[in-house]
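Asks: please work out how this folds:
(one chain, ligands or ions: 1)
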Amino acid sequence: MTRLGIFPVSYKVRGKKIVIVGGGVEALAKARLAVKTDAHVLVVARKIEVDFSALTATDAHIEILQEAFAMHHLDNAALVFVGDEGPDAEIAKRLTKEAGLPLNVVDQPALCDFFTPAIVDRAPISIAISSEGEAPVLARLVRAKIEALLPLHLGVLAGLAGGLRHLVEQLISSGDRRRKFYQELLASSQVEDALANGQQDKANQLANQLLVEHANVVQSVGAQRQGFVHLVGAGPGAEDLLTLRAQRVLQSADVIVHDQLVPEAVVQMGRRDAERVPVGKAKGRHSFTQKRINKLIVELAQTGKQVVRLKAGDPMIFGRAAEEIEAMDEAGVEYAIVPGITAAAAAASDAHLPVTLRNVASGVVYATAHGANDTTVTHWATLAKSGLTLGIYMGKSIMQDVAKELVAEGLSPTTPLGIVVNAGRTNSTRYLSSLAEISNEVPQLADGPAIVFVGEAVASGKWQIQMDQPVLDQNSTGGALPEIQVA
Ligand code: SAH
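Replies: The predicted structure is shown next:
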């Protein structure tokens, strides 16, 4: 078993000095770390070689001295960094050791009493990542991951919780119940949303409300807590195409109500003990009517649950969000909407297709091929005349009809048509054809949802399979086009 050669501690520097000996880049790097604290930062060197002005301009608590190092520089010091070489560095090392102060010598682990970790700063919360000086690059990578996970205002949230401590102790007598209150406060996406939007007052108000709800008096008369619904865009299917906000609200959800199109891996990103309700609306199979879904999310919120209504792509694009919003408005249920990457956006990226293209396409239209309740749509004439790139949803099974309509309405039969199946996923597959070719014969496509692009800009994309050029020996595939896996 590998044991740690260091013991991580949080070292107090408030009211003390952090001394940095040196005037070069190493010293500057340490100074950048040191000014994150509210210690007085003292940089001493005979020659200041790099520009510290970015730090001195914003921070009054850093002092740069261009002079020889001397014993008195160590007065009231908490930590000492030596970033230079030369006689002053030698003196500084010796005096620091003699004074019994913790010393860090840049790039000389053997001489260090302590290492500087990579720091995630959400004061008063801090996270230090250390590799014992062995793999600083890896430590920084880990830090980047953690940075991305934590909301920027985590510190404010911690401050808010801290500020309520006395009140909580007065109002909630049981330790268990107090813990429950804090857990809920820290996981509350409404409070986080408020902080993210700079609404400190609203955050305070929500926290107080939560406290009152948790307080003994109210609990004993059994008051009902308010729930909340987030309509969340899950993106096209890859876990890492989820937004950070979507990930955060998923993790604070009690119940996740999700569509068929949202892959299991994304649904699994919620808390392990969250309830999951699939309301599968796969093509041609409506296991839950929209009405029932509306009713379900309203009822869940009314029983005090934090609900995530998880939809493929973006919730506001062909997501029947309007009905759910109307139901929630009618019932007075509070909700917020978290956008997602819509399928056509992911498809355009997969196909390296700029859907707007100077001098070729001055815009893009997202349109459906199917009308509501499978009626036909009436927009083809308008779209054919638009000159814009068309990103067509729900058109996979009726592509031929769409192509014929567009040609009948005046689009040239040679207009390029591109199909992206499983956009944004590892098995994304892309086909290039034209309105005329598709009208003749519909190719065999990979399984999965598809976006059909139509327009002159489509030709500028990168497509794997061109319909008019057989890509493989027909005999070896039995005539079927292969499903190409794209890493
Ligand atoms: N709200 C979703 C769209 C839902 S409608 C969004 O913003 O993406 C369902 C249609 O979306 C499917 O018929 C298909 O045309 C398209 N679609 C959804 N996910 C897709 C994906 N990963 N690749 C290609 N098309 C997709």
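Asks: wait, residue 334 sits on residue 226?
Replies: Yes. Contact criterion CB atoms under 8 Å: residue 334 and residue 226 qualify, at 6.8 Å. Where you see a C-beta, it was placed from the backbone N, CA and C, and this is true even at glycine.
Asks: who touches both of these two?
Replies: Both residue 334 and residue 226 are contacted by residue 301, under the criterion CB atoms under 8 Å, 6 or more residues apart in numbering.
Asks: so between the two, which is more surrounded?
Replies: Per other CB atoms under 10 Å, whichever of residue 334 and residue 226 has more neighbours is residue 226, with 16 against 11.
Asks: so how many other residues sit close to the residue of the stretch 51-200 of the chain found nearest the ligand?
Replies: Nearest residue of the stretch 51-200 of the chain to the ligand, counting by CB to the nearest ligand atom: residue 189, 21.1 Å away. Neighbour count of residue 189, defined by other CB under 10 Å: 21.
Asks: same deal with residue 99?
Replies: Residue 99: 13 neighbours (other CB under 10 Å).
Asks: please apply the same query to residue 458.
Replies: By the measure other CB under 10 Å, the count of residues near residue 458 is 27.
Asks: how about the nearest residue to it once chain neighbours are set aside, what does it touch?
Replies: Leaving out its chain neighbours, the residue that sits closest to residue 458 by CB to CB, 6 or more residues apart in numbering is residue 416, at 3.9 Å. Each residue near residue 416 by CB under 8 Å, 6+ apart is listed here: 432-434, 454-456, 458-459.
Asks: any chance of those in TSV, plus pLDDT?
Replies: Listed next are the contacts of residue 416 as TSV, based on pLDDT from 0 to 100:
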residue	pLDDT
432	96
433	95
434	96
454	98
455	97
456	97
458	97
459	96
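Asks: check those and tell me the two furthest apart.
Replies: Greatest spatial distance in the contacts of residue 416: 433 and 456, 14.1 Å, computed using CB to CB.
Asks: who's more crowded, these two?
Replies: Neighbour comparison, residue 433 and residue 456: the larger count goes to residue 433, with 25 against 18 (by other CB under 10 Å).
Asks: so the more buried one belongs to a helix, correct?
Replies: No. Assignment of residue 433 by DSSP: H, G, I helix; E, B strand; the rest coil gives strand, placing it outside any helix.
Asks: do I have it right that it meets residue 414?
Replies: No. If you go by CB under 8 Å, residue 433 and residue 414 don't touch, sitting 10.9 Å apart.
Asks: buried residues of the strand or helix carrying residue 402, list them for me.
Replies: Under the criterion of DSSP states H and E, residue 402 resides in helix 399-408. Buried residues in helix 399-408, counting neighbours by 16 or more other CB atoms under 10 Å, are found at 399, 402-407.
Asks: same check on stretch 164-174?
Replies: Using 16+ other CB under 10 Å as the test for burial, stretch 164-174 gives 164, 168, 171-172.
Asks: which residue packs closest to the residue in the stretch 151-300 of the chain that the ligand sits nearest to, ignoring adjacent ones?
Replies: Closest contact between the stretch 151-300 of the chain and the ligand, by CB to the nearest ligand atom, is at residue 236 (3.7 Å). Leaving aside its chain neighbours, residue 236 sits nearest to residue 424 (3.1 Å; criterion: CB to CB, 6+ apart).
Asks: pretty sure that neighbour sits against residue 348.
Replies: No. Applying CB under 8 Å as the test, residue 424 and residue 348 come out as separate, 10.2 Å apart.
Asks: coming back round to it: what pLDDT, on average, does the helix holding residue 402 get?
Replies: In this model, helix 399-408 has an average pLDDT of 95.
Asks: next secondary structure after that helix?
Replies: Note on helix 399-408: by DSSP H and E, the next helix or strand toward the C-terminus is strand 416-421.
Asks: parallel or antiparallel, which strands does that following strand pair with?
Replies: Looking at strand 416-421 with DSSP bridges, its partner strands are strand 429-434 (antiparallel), strand 450-454 (antiparallel).
Asks: tell me which of those sits most buried.
Replies: strand 450-454 (a mean of 27; mean count of other CB atoms under 10 Å).
Asks: ok, the buried residues of helix 399-408 vs residue 102, which is closest?
Replies: Proximity of the buried residues of helix 399-408 to residue 102 (CB to CB) peaks at residue 399, which lies at 69.5 Å.
Asks: thought that closest one was touching residue 454?
Replies: No. Here residue 399 lies out of contact with residue 454, judged by CB under 8 Å, at a distance of 9.8 Å.
Asks: spit out the residues that contact those two alike.
Replies: By CB under 8 Å, 6+ apart, residue 399 and residue 454 have these common neighbours: residue 417.
Asks: contact partners for the residue of the stretch 151-300 of the chain closest to the ligand?
Replies: Residues counted as contacts of residue 236 (CB under 8 Å, 6+ apart) are 312-313, 341-343, 346-347, 423-425.
Asks: for those residues, which one is nearest residue 30?
Replies: Closest approach to residue 30 among the contacts of residue 236 (CB to CB): residue 341, at 40.1 Å.
Asks: hang on, the closest one packs against residue 238?
Replies: No. Between residue 341 and residue 238 there is no contact under CB under 8 Å: 9.2 Å.
Asks: quickly list what the residue of the stretch 301-450 of the chain found nearest the ligand is bridged to.
Replies: Residue of the stretch 301-450 of the chain nearest the ligand, by CB to the nearest ligand atom: residue 313 (1.9 Å). For residue 313, the beta-bridge partners under DSSP bridges are residue 235.
Asks: that one reaches residue 233, doesn't it?
Replies: Yes. Contact criterion CB under 8 Å: residue 313 and residue 233 qualify, at 6.0 Å.
Asks: which two in the buried residues of helix 399-408 are spaced the farthest apart?
Replies: For the buried residues of helix 399-408, the farthest-apart pair by CB to CB is 399 and 407; their separation is 12.6 Å.
Asks: near the ligand, which residues of the chain are found?
Replies: Within the chain, the positions near the ligand by CB under 6 Å from any ligand atom are 236-237, 261, 311-314, 317-319, 342-343, 347, 393-394, 420, 422-425, 449-451.
Asks: 5 Å - rerun?
Replies: For the chain, the residues in contact with the ligand (CB under 5 Å from any ligand atom) are 236-237, 312-314, 317-319, 342-343, 393-394, 423, 449, 451.
Asks: ok, and the most crowded of the residues you listed?
Replies: residue 236 leads the residues of the chain next to the ligand on contacts (other CB under 10 Å) with 32 neighbours.
Asks: okay, that one: pLDDT?
Replies: At residue 236, pLDDT is 95.
Asks: next up, phi/psi of it, please.
Replies: For residue 236, the backbone dihedrals are phi -80, psi -10 (criterion: degrees, to the nearest 10).
Asks: try residue 186
Replies: Here is the backbone geometry of residue 186 (degrees, to the nearest 10): phi -70, psi -20.
Asks: show me what contacts it?
Replies: By CB under 8 Å, 6+ apart, the contact list for residue 186 reads 157, 161.
Asks: nearest the geometric middle of the chain, what residue?
Replies: residue 244 (1.9 Å; CA atoms, centre = their mean).
Asks: for the stretch 351-487 of the chain, just list every one of the strands.
Replies: Under the criterion DSSP state E, counting those that start in this stretch, strands of the stretch 351-487 of the chain are mapped to 364-368, 389-393, 416-421, 429-434, 450-454, 465-466.
Asks: need these in a markdown table with distance to residue 303, can you?
Replies: Output for the strands of the stretch 351-487 of the chain, formatted as a markdown table (distance: least, CB to CB, whole Å):
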| stretch | distance to residue 303 |
| --- | --- |
| strand 364-368 | 34 |
| strand 389-393 | 34 |
| strand 416-421 | 40 |
| strand 429-434 | 43 |
| strand 450-454 | 38 |
| strand 465-466 | 50 |
